[in-house]
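> here is a sequence together with a model predicted from it:
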Amino acid sequence: MIGVVEALLLTPNEFVTYLLNGISRGMIIFLVASGLTLIFGLIGLINFAHGAMVALGGYLTIVTVGTTGSFWFGIAAGVLLVAVLGFVLEKTILHRLYDEPLLGFLGTFGIGLVIEQLLSFHFGDQSRSLESPFPGTIDLFGVAYPAHRIFVIVVGVTVALLVGALLSQTRFGLEIHATANKSATAEILGVDSGKVYTATFVLGSAFAALAGGLTAPITSMSPGIGTSYMLMAFLVIIVGGMGSFKGSFLVSMIVGQIMAFGWLFLEPTYVQMSIFVAAMVFILYKPRGFFGKPEVFE
Amino acid sequence: MNAHVNSLRQYLTDGNNRWIGVLFVLALLVLPMVSQEYFVGIVTKAVIFGLFAISVDIALGYTGLITLAPAAFFGIGAYSVAKVVVDYDASYWLGFPIAIIVAAVVAFLIGYVPIKRRIGEVYFVLFTMAFGVIVYDFTFVTTSFTGGSNGLAYVSPPMFFTINLAETVPFYYFSLFVVGILVVGLYLLLRSDYGRILHASRQNEVRMRYLGYDTDREKLLAWIISATVSSIAGAVYVGTIGVASPSLMEFALTGEVIIWVVVGGAGTFVGPFIAAFVLSLLENYLGSVWAEGYLIVLGVLFVAFIFLLPEGIMGRLQQGED
């Protein structure tokens, strides 16, 4: 009850700050979830290596920034190297595991474990952080708000729009839809489904790395950081509808806001627990998520 | 390679080679007389993890329920004993029935709806994952109830008549006794008609339903048994380390036990026990040489297993699908 009163007593400035916190947080979750949902929607793979890709992207960004001094170079290196790793993994191991969803889950689970342990072996368990390229604040709706978080929001929106366009406007998007729905028919019609799988996995992993790089200046990096993002992202894609790109965006935004405002009413851990409980209910009673029918995957 | 491993596995599970098992049990029994106390403590844990792996195999291998919640049930067992001893100052022995009851009730509440609704295995993975996270968060956040991040410390097993179970060797025999009884009991259970029903349900669930078996009920029962045995393993384990902390519920433990089960051969009963036993000894050995190495080795081994012999691993796991 005290929480309700506090929430009503929020000044407009505080309200805007929380709102933006929720959006920027939701964008990071969205970047993680969008990769997961693409990979699941198309390939049907529960990719448990995704969290490790987030952490790896973050660490590679930190290391490259440390040597070159440029945040842009760092984040580009993080995304590119993780994309290459995703390519290699997909080409060598993962593509053999697609027929068996459980093998895919177990295989990516093992890969994720190895990557995380190597990170913790190399960097130790202490967390590391990064200076943002945008250290100051920006005035937004009368609130001085950290510029880096605005940057995160801009990147998130850009990615959402680009991928939305990619899926709905391009030949490649059409091939993804076709392969996800009826891969045999798509192949007869000239779609190289193997390539589509590879490209999707690489794209998804690159998003994970981007999320890792972007979050490094906000939250300090630890080898296990990706796992907590990944768990949250899994719930987002369940509630949003497995394979639904729009659904994962919307639900990420909602979860971001719940986390931003929820702590006024409950302790953050309880907020997280209630989100997980909601996800369990969704799995049981609405496994296809909020919107009923996923877009990419049927 | 594949055939080789399969024949090895056959050899290990073959009834004619039971003398290996007998030798193993004898070796366990005489171990404290020939080795240092330090090593006995390590083997105690390895044996408990063996039981834990078998309990998970019942869900994963025998029933086909891919669960990401084993650590939660292991932790429930550990916390039940710790809570009884540390906070209520009651008898250590009271912890065990409480662990069993709590685990069984929680397993029923968690398992009933998903099993009745027959949600797909992918969804069962995610469902149990969410449950595992909630239980982990719960132990962290309810500081007054579970001790928060400090956990519940100073759990010490009591005197049993004139034997002090808090000492390493007596507790080793106590663990061996509990694990032995449960392993034999579960082995007999899975060889009984009930085990056959589970096996047949995995092979052709629809036909079993036509034959009048309530396969959902059998699965739910197996799920509850699995969770309960996991919690007993946790309840015994807490006596060796003396503290129930959130780290027992971490995802890492779930990951480890799944790896033990899969590498050992899901649905082979002995395999997961051996894998858990050997790999946790390896963990201890590597721990002194290369601390971070264990999980790397384990992960690589696991991926290699999945990559090189998926059929071997999945053979038993997937028999019900065809």
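The structure has been received and is ready for your questions.

> by mean pLDDT, point me to the weakest helix or strand of chain A.
Here the helix or strand of chain A ranked lowest by mean pLDDT, DSSP states H and E is helix A:2-8, holding a mean of 59.

> is the very next helix or strand once past that one up against chain B anywhere?
Downstream of helix A:2-8, the first helix or strand assigned by DSSP states H and E is helix A:12-43. No. For a cut-off given as C-beta under 8 Å from any C-beta of the partner chain, helix A:12-43 has no contacts with chain B; the smallest distance is 8.6 Å. From N, CA and C alone the C-beta is placed, and that goes for glycine too.

> show me what counts as buried in helix A:12-43.
For helix A:12-43, a neighbour-count test (16 or more other C-beta atoms under 10 Å in any protein chain shown) marks A:16-43 as buried.

> next, count neighbours for residue B:288.
7 (other C-beta atoms under 10 Å in any protein chain shown).

> and it, what element?
Going by DSSP H and E, residue B:288 is part of helix B:270-289.

> now that helix: buried residues?
B:270-277, B:279-284, B:286.

> now swap in stretch B:206-226 and tell me
B:208, B:215-216, B:218-226.

> and if you look at stretch B:153-169?
B:155, B:157, B:165, B:168-169.

> which stretches in chain A count as strands?
Applying DSSP state E to chain A gives strands spanning A:137-140, A:143-146.

> now for the last one, which elements pack on it?
Put plainly, it is strand A:143-146. Here strand A:143-146 touches helix A:12-43, strand A:137-140, going by 3 or more C-beta pairs under 8 Å, 6 or more residues apart in numbering or on different chains; DSSP states H and E.

> now the first one
Helices and strands touching strand A:137-140, by 3+ C-beta pairs under 8 Å, 6+ apart, are strand A:143-146, helix A:147-169.

> take the buried residues of stretch B:206-226 and keep only those in helices.
Mapping the buried residues of stretch B:206-226 onto helices (DSSP state H) picks out B:208, B:215-216, B:218-226.

> so which of the residues you listed also contact chain A?
Applying C-beta under 8 Å from any C-beta to these, none is adjacent to chain A.

> circling back to that earlier point, in helices, which of the buried residues of stretch B:153-169 fall?
Reading helices off those with DSSP H, I get B:168-169.

> residue B:25: which of the buried residues of stretch B:153-169 is nearest?
residue B:169 (17.0 Å; C-beta to C-beta).

> average pLDDT for stretch A:41-58, rounded please.
Mean per-residue pLDDT for stretch A:41-58: 89.

> send me it as CSV with only the CA atoms.
The C-alpha trace of stretch A:41-58 is given here as CSV (Å, rounded to 0.1, in the frame of the first residue of the first chain):
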residue,chain,number,x,y,z
GLY,A,41,11.1,-19.6,-34.9
LEU,A,42,13.0,-20.6,-37.9
ILE,A,43,15.1,-23.5,-36.7
GLY,A,44,13.1,-24.7,-33.8
LEU,A,45,16.3,-24.7,-31.7
ILE,A,46,16.3,-23.8,-28.0
ASN,A,47,19.6,-22.0,-28.2
PHE,A,48,21.1,-22.2,-24.7
ALA,A,49,24.4,-20.8,-26.0
HIS,A,50,22.7,-17.5,-26.5
GLY,A,51,23.5,-16.1,-23.0
ALA,A,52,27.2,-17.0,-23.5
MET,A,53,27.1,-15.0,-26.8
VAL,A,54,25.9,-12.0,-24.9
ALA,A,55,28.7,-12.3,-22.3
LEU,A,56,31.3,-13.0,-25.0
GLY,A,57,30.1,-9.9,-27.0
GLY,A,58,30.4,-7.8,-23.9
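
> can you flag the weakest of the helices and strands packed on strand A:137-140 by average pLDDT?
Across the helices and strands packed on strand A:137-140, strand A:143-146 gives the lowest mean pLDDT, at a mean of 82.

> what comes up buried for that strand?
Buried residues in strand A:143-146, counted by 16+ other C-beta under 10 Å: A:143, A:145-146.

> coming back round to it: show me what the helix holding residue B:288 packs onto, helices and strands only.
Counting contacts by 3+ C-beta pairs under 8 Å, 6+ apart, helix B:270-289 packs against helix B:2-13, helix B:37-57, helix B:251-264, helix B:293-308.

> give me that answer again for 6 Å
Judged by 3 or more C-beta pairs under 6 Å, 6 or more residues apart in numbering or on different chains; DSSP states H and E, the packing partners of helix B:270-289 are helix B:37-57, helix B:251-264, helix B:293-308.

> so which of the ones you listed gets nearest chain A?
Closest approach to chain A among the helices and strands packed on helix B:270-289 (C-beta to the nearest C-beta): helix B:293-308, 3.7 Å.

> what sits against the spatially most central residue of chain B?
Centroid check for chain B by C-alpha atoms, centre = their mean gives residue B:52 as the closest residue, at 1.7 Å. Neighbour list for residue B:52: B:230, B:233, B:257 [criterion: C-beta atoms under 6 Å, 6 or more residues apart in numbering or on different chains].

> low-confidence regions, the chain specifically.
Unless you meant another one, I'm taking chain A. Residues of chain A meeting the criterion pLDDT under 70: A:1-8, A:125, A:290-298.

> nope, chain B please
In chain B (pLDDT under 70), the answer is B:1-17, B:291-292, B:309-322.

> nearest to residue A:184, of the buried residues of helix B:270-289?
For those, the nearest to residue A:184 is residue B:271 (36.6 Å; C-beta to C-beta).

> show the contacting residues for that closest one.
Per C-beta under 6 Å, 6+ apart, neighbours of residue B:271: B:264-265.

> chain A contacts on the stretch 51-200 of chain B?
Within the stretch 51-200 of chain B, the residues that sit near chain A (C-beta under 6 Å from any C-beta of the partner chain) are B:113, B:122-123, B:126-127, B:130, B:133-134, B:137, B:141.

> which ones among those are found in strands?
Among these, no member falls in strands (DSSP E).

> most widely separated two among the residues you listed?
Spatial extent of these (C-beta to C-beta) is set by the pair B:122 and B:141 at 28.9 Å.

> how about the residues of chain A near chain B?
Contact residues (C-beta under 6 Å from any C-beta) of chain A with chain B: A:93, A:101, A:103, A:106-107, A:110-111, A:113-114, A:117, A:121, A:231, A:234, A:269, A:273, A:276, A:279-280, A:283-284, A:287.

> is it possible to mark the buried ones in the residues you listed?
Buried among those (16+ other C-beta under 10 Å): A:93, A:101, A:103, A:106-107, A:110-111, A:113-114, A:117, A:121, A:231, A:234, A:273, A:276, A:279-280, A:283, A:287.

> now the helices: where do they sit in chain A?
A:2-8, A:12-43, A:50-68, A:71-92, A:101-123, A:147-169, A:171-181, A:183-188, A:193-215, A:225-240, A:245-262, A:268-285.

> which residue is the nearest non-sequential neighbour of the residue nearest to the centre of chain B?
Distance criterion C-beta to C-beta, 6 or more residues apart in numbering or on different chains; nearest residue to residue B:52, sequence neighbours excluded, is residue B:233 at 4.0 Å.

> what of residue B:261?
residue B:272 (4.4 Å).

> what sits against the residue in chain B sticking out farthest from the centre?
Farthest-out residue of chain B from its mean C-alpha position, per C-alpha atoms, centre = their mean: residue B:210, at 32.7 Å. Going by C-beta under 6 Å, 6+ apart, residue B:210 touches no other residue.

> distance of it from chain A?
Separation of residue B:210 from chain A (C-beta to the nearest C-beta, to the nearest Å): 26 Å.
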